[in-house]
Every structure is written in C-alpha cells, then in structure tokens.
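Trainee: build me a structure from this.
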Amino acid sequence: MAVSILAAVLTQYPVGRVSDRMDRRTVIASVCTLATLVAVGIVAFGPLPRPVFLALAALFSGSALTLYSLAVSHVNDKLEPAQMVAASRRPAADERHGGGGGAGAGGEPDARLRAEGPTSRRWRP
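Mentor: Residues are numbered from 1 along each chain as shown. Below is the predicted model of the structure:
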C-alpha cells in the first residue's frame, strides 16, 4: 500500500507538467493506456516475485491515481474561474460514490471467489 501511494505522490507533479505542455486529452489517453496495460500484465503473469509485483503496482498506481487530477485540470481549462469550484464538486462526489458502491457490489462476488477460488482446497481447474 505504501509503495502505491508513494508512487502516486511522486508522479502527480511530472505528469501534471507534461499535461501542461501537451494536449491534456492525449496525456489522459496515454495514462489510461499505461494503467490498463500494467493491470493486464499483473493479471496475465499470475503470481510474481514480490519486487516485480511492487514495481508493477507502483507503475499502475502512479498512472491510475493521476487521472482524477488530469480530468479536473481538463475541465478547469474550459471554465471561467467562478465556475471551477462548482465543477470540481461533481467528480469528487462521483469518486466517493463509486468507491463505496464498488466495494459494496464487489463484496459478494469476492467472498464467493475466495470460497471456490484457486486457493480453496475444493477448487479444480
């Protein structure tokens, strides 16, 4: 967890600087692509040595956790200063609701997968 959060903290500024110099939509698409490729790689390669997994987790978090800031910056580029605070409220609320809703909706399938998943003694591929 610490590696992921530290990676996100360390990538905010450099990714933000790049997005200030380039089209933000291109940076957002690139960061999304990177996060997706890393996530697919983590799943596709299965159990990984701890240092490799931590490096991939840092790369994923460093890219995925910058997306909110990039999106807010993109929206703010299109608004007048008086509109910026109101426009930033909605994505923050969506993020809170998605985090809570996703955890609630994913709890039951996760419990079922753990009961019947690869670590279960009853599970046969």
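
Trainee: separation between the most centrally placed residue in the chain and Ala44?
Mentor: With distances taken as CA atoms, centre = their mean, Ala64 lies nearest the centre of the chain, 3.1 Å away. Ala64 sits 17 Å away from Ala44, going by CB to CB, to the nearest Å. In this view, the C-beta of every residue, glycine as well, is placed from N, C-alpha and C.

Trainee: where in the protein is the helix or strand with the lowest mean pLDDT?
Mentor: In the chain, the helix or strand scored least confidently by mean pLDDT, DSSP states H and E is helix 84-116, which has a mean of 69.

Trainee: one step back: any idea of the pLDDT on the residue nearest to the centre of the chain?
Mentor: Looking at Ala64, its pLDDT stands at 92.

Trainee: quick check on it: phi, psi?
Mentor: Ala64 adopts backbone torsions of phi -60, psi -40, taken as degrees, to the nearest 10.
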